[in-house]
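Trainee: Model the structure of this input:
(one chain, ligands or ions: 1)
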Amino acid sequence: MGAQPDHPRCGFVALVGAPNAGKSTLLNAMIGSKVSIVSPKVQTTRTRVLGITIVGDSQLIFVDTPGIFKPKRRLDRAMVAAAWQGAEDADVIGVLYDVSRRGVDDDTLGIIERLKEQGRKAILILNKIDLVKRDVLLGIADGFRESGVFTDTFMISAANDDGVTHLRNFLAERLPEGPWHFPEDQISDMPMRLLSAEITREKLFLQLHQELPYSATVETEVWEEFDDGSVKISQVIFVQRESQKAIVLGKGGQRIKSLGLAARTELQAMLERRVHLILFVKVREDWVDDPERYSAWGLDFSAS
Ligand SMILES: Nc1nc2c(ncn2[C@@H]2O[C@H](COP(=O)(O)OP(=O)(O)OP(=O)(O)O)[C@@H](O)[C@H]2O)c(=O)[nH]1
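Mentor: Numbering: from 1, shown residues only. Model (predicted):
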């Protein structure tokens, strides 16, 4: 553990909001390094990610939560339970809202209701201000003020890094006094295996979004570091049907080659070392209801 300041502060910040509000983008902007997966599709964040950053004497530990939405499937219910758990344990809750949407959605209303029930205060983070006019923005802020839940309101554009530093400094001041929980150089306690699998899964979404909606998952099976500094990573892409396997492989293995290249390039940049990435595709029809998958994502299956 690196040296701590004389008067350290440390605490947990939970970002909650409807799917697509920009939680991952904001987290990445705050941490300054890729720790969560950003994708234009909704509900792609399946794992609770802790991103950690130091601001002055404060160590901010961000709990990025999966979208809090009405759970339908078993997996979704586990996600929602995990999301709320993260929020309830936090020192500061930030409710993120996408100002470009037309009218407040049920997800956000549900979050506010839940905060009210618990008598918890939160800060309101109005995101994507680059997409709306100022008077619209002020109207939205007024609307939220009536709920009585929010102590402070921030107007930011996470994607353009507008207002993010101000928010970060505010959070740093808000945290309770106490020793740092993590070594200074640790930006994420998400195991590297999991993070690298998420990178491959992101590539799957980006390259095959139409053909393969939400039915694939990726696991890292081998993580082997060599003396020359390189690392060998073997991953399995699980799909639900043979037809999907064929899609992931592509004609003459073209698709999987391209997925592997994209994932490897990003892994190398992140790990700052040479990466040998080996991808396999396996069919497992019932992965969505397999308890083992839940523990791998840090979700509590019994909560669902
Ligand atoms: N124009 C604009 N787009 C943004 C901004 N912040 C995020 N986005 C976009 O909004 C989309 C959703 O952002 P994410 O960060 O993935 O949202 P999320 O809340 O983590 O979504 P889930 O993973 O579904 O919970 C992405 O396409 C982002 O690029 C912003 O400030 N301005």
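Trainee: Using the three-state scheme, assign the residue of the chain positioned farthest from its centre.
Mentor: Distance to the chain centre peaks in the chain at Gly252, reaching 33.9 Å (criterion: C-alpha atoms, centre = their mean). Following DSSP: H, G, I helix; E, B strand; the rest coil, the label given to Gly252 is helix.
Trainee: For it, list the residues it contacts.
Mentor: Not one residue lies near Gly252 by C-beta atoms under 8 Å, 6 or more residues apart in numbering. In this view, the C-beta of every residue, glycine as well, is placed from N, C-alpha and C.
Trainee: My reading is that Lys257 lies in a helix. Confirm?
Mentor: Yes: assessed by three-state DSSP, Lys257 belongs to a helix.
Trainee: which parts of the stretch 51-200 of the chain sit against the ligand?
Mentor: Counting by C-beta under 6 Å from any ligand atom, the stretch 51-200 of the chain comes close to the ligand at 67, 127-128, 130-131, 157-160.
Trainee: Now list the buried members of these.
Mentor: By neighbour count, with 16 or more other C-beta atoms under 10 Å, those hold 67, 127-128, 157-159 as buried.
Trainee: can you name the two of those residues that are farthest apart?
Mentor: Gly67 and Ser157 (19.9 Å; C-beta to C-beta).
Trainee: ok, Phe62 to the ligand distance?
Mentor: The spacing between Phe62 and the ligand, counted by C-beta to the nearest ligand atom, to the nearest Å, is 12 Å.
Trainee: tell me which residues form a beta bridge with that residue?
Mentor: Beta-bridge pairing of Phe62 under DSSP bridges involves Val13, Gly51.
Trainee: What's the per-residue pLDDT of it here?
Mentor: Per-residue pLDDT puts Phe62 at 80.
Trainee: Which one of the buried ones among the residues of the stretch 51-200 of the chain next to the ligand is nearest to Ile237?
Mentor: Gly67 (23.0 Å).
Trainee: export the one helix or strand Lys203 maps to as CSV, just CAs?
Mentor: Assigning secondary structure by DSSP states H and E places Lys203 in helix 192-208. What follows is helix 192-208, C-alpha atoms only, in CSV (Å, rounded to 0.1, in the frame of the first residue of the first chain):
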residue,chain,number,x,y,z
MET,A,192,-8.6,-9.2,-14.5
ARG,A,193,-10.1,-12.4,-15.9
LEU,A,194,-13.6,-11.0,-15.6
LEU,A,195,-12.6,-7.7,-17.0
SER,A,196,-10.9,-9.3,-20.0
ALA,A,197,-14.0,-11.5,-20.6
GLU,A,198,-16.1,-8.3,-20.6
ILE,A,199,-13.9,-6.8,-23.3
THR,A,200,-14.5,-9.8,-25.6
ARG,A,201,-18.2,-9.7,-24.8
GLU,A,202,-18.2,-6.0,-25.8
LYS,A,203,-16.6,-6.9,-29.1
LEU,A,204,-19.3,-9.5,-29.6
PHE,A,205,-22.0,-6.9,-29.0
LEU,A,206,-20.3,-4.4,-31.3
GLN,A,207,-19.7,-6.7,-34.2
LEU,A,208,-22.8,-8.9,-34.0
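Trainee: Can you mark which positions in it are buried?
Mentor: Neighbour counts over helix 192-208 (16+ other C-beta under 10 Å) mark 193-205, 208 as buried.
Trainee: can you redo the residues you listed as CSV with pLDDT?
Mentor: Shown next, in CSV, are these (pLDDT from 0 to 100):
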residue, pLDDT
Arg193, 75
Leu194, 75
Leu195, 78
Ser196, 85
Ala197, 85
Glu198, 82
Ile199, 87
Thr200, 91
Arg201, 86
Glu202, 85
Lys203, 89
Leu204, 89
Phe205, 85
Leu208, 86
